[in-house]
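Engineer: dropping a prediction and its sequence here:
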Amino acid sequence: MTCEVLPVVVNGKAPGVLPACPLPGQARDGRPLYVLTRPIRYHTRFGVVTVPRGYVTDCASVPRVAAWRIGPLDKHAWAAVLHDWLYAIGEPGKKEMADTAFEDQMRADGVFSLRRELMHSAVVVGGGGGYKKAPTWWKTENFADPETGERVAPPFKREAAFVGQPFGMIAA
């Protein structure tokens, strides 16, 4: 599989690229999927989070009714990958932290306040079901080989990504 990394569009311009490739023919709930070609490190108020190479994301789980206005690769894309990762881990008792980190990253990335507030409210109110699916998703949905696009087993146990664990958040 060959690909070019994806430009993240901000006000019609591409200030940088998300180190991810589309996974041809693969989707989750009708949304295209992307695989990270390198790790991404985030510095949050809660600590440092590293999303690993090979992680599969839809960049933003935008409902179809809003997809005409909010694309997966808009300015919020970096925050969406962080949020997807924290939901994929689904550490018990940490959903609020994941939602807050999402909002903080959108703010840092300059996402317009109304959009940021709407997206944050949507995950606070509607994200509980997805957060609870983490144990199942971890085993089947979340990793691919960036070179081939083939799905692969997770590189470590989900619990190893919990706060304070070897692949988890490093305290601030």
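Structural biologist: Yep, that arrived. Numbers count the residues shown, from 1 in each chain.

Engineer: can you show me the strands along this structure?
Structural biologist: Assigned by DSSP state E, the chain shows strands spanning 6-10, 13-18, 20-28, 31-36, 40-44, 47-51, 56-57, 170-171.

Engineer: can you list contacts of the fifth one?
Structural biologist: Contacts with strand 40-44, where a contact means Cβ atoms under 8 Å, 6 or more residues apart in numbering, come from 19, 48-51, 78, 81-82, 101, 104-105, 169, 172. Glycine gets a C-beta too; all of them are placed from N, C-alpha and C.

Engineer: pairing partners for that strand, with directions?
Structural biologist: Applying DSSP bridges, strand 40-44 is found paired with strand 47-51 (antiparallel).

Engineer: how far out from the middle of the chain is the partner strand?
Structural biologist: 12 Å (Cα atoms, centre = their mean, to the nearest Å).

Engineer: repeat that for stretch 154-164.
Structural biologist: That offset, for stretch 154-164, works out to 16 Å (Cα atoms, centre = their mean).

Engineer: likewise stretch 97-107?
Structural biologist: The chain centroid and the centroid of stretch 97-107 are separated by 11 Å under Cα atoms, centre = their mean.

Engineer: could you give me the average pLDDT of it?
Structural biologist: Stretch 97-107 carries an average pLDDT of 94.

Engineer: quick check: Pro32 vs Tyr55, distance?
Structural biologist: Distance, Pro32 to Tyr55, using Cβ to Cβ, to the nearest Å: 15 Å.
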